[in-house]
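Undergrad: Sharing a model prediction with you, sequence too.
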Amino acid sequence: MLKLVGVSAAMMFVATVANAQVAAKPLAEGRLCAYADVVGVWDSKVVSAEEAGVERFAAAFPRDYMRFKPDGEMMYIASNNEIASVPEVHARLDAADSADGATYNAAMVAEGVLILFQNGNPFQGFTCTVVEPRDGRAVTIFSELEGMPALHRVQFKLD
């Protein structure tokens, strides 16, 4: 289940999205994502984050998994250990989705600007960058949008 960790940054983010002032903050490497680049199941790790509580949460739950469907539906779970197989990741994402009572969606609202929605309301946003594959797997990096706390999160595609 998605957990919003930094309330003040989240409130600033929602206000910024409502005023349509979100902008990607491109990285030196790679290219900005299109939504098609994120479709699939991803093993995700927070490398660094300046938003209150994010690194502490990542230390407690060092593995997390995200699924983005072509229709914009998305789901996320955090785990303190690796999930052994892609079918098991799907099963756990499905179980979390049916248990939490919320609807999660994602949209690329501008080049490289990925916004996550909970029950139709924006609550997280990232600059999404596609970088060179690693170990034969597609890799994306989620980093902060302009004006938001620093973040560096690396996703490795599982399917």
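TA: It's in. Residues are numbered from 1 along each chain as shown.

Undergrad: now the strands for the protein?
TA: 31-32, 40-49, 63-68, 74-79, 104-110, 113-118, 121-134, 137-143, 151-157 (DSSP state E).

Undergrad: By mean pLDDT, show me the worst of those strands.
TA: Note on those: lowest mean pLDDT is at strand 40-49, with a mean of 81.

Undergrad: Note down every partner strand of it and its orientation.
TA: strand 63-68 (antiparallel), strand 151-157 (antiparallel) (DSSP bridges).

Undergrad: Now tabulate those in JSON lines and tack on distance to residue 122 and mean neighbour count.
TA: The C-beta positions use only the backbone N, C-alpha and C, and glycine is treated the same way. As requested, the strands paired with strand 40-49 are arranged in JSON lines below (distance: least, Cβ to Cβ, whole Å; neighbours: other Cβ atoms under 10 Å):
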{"stretch": "strand 63-68", "distance to residue 122": "16", "mean neighbour count": "22"}
{"stretch": "strand 151-157", "distance to residue 122": "16", "mean neighbour count": "19"}
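
Undergrad: To residue 25, which of those strands lies closest?
TA: Closest approach to residue 25 among the strands paired with strand 40-49 (Cβ to Cβ): strand 151-157, 9.9 Å.
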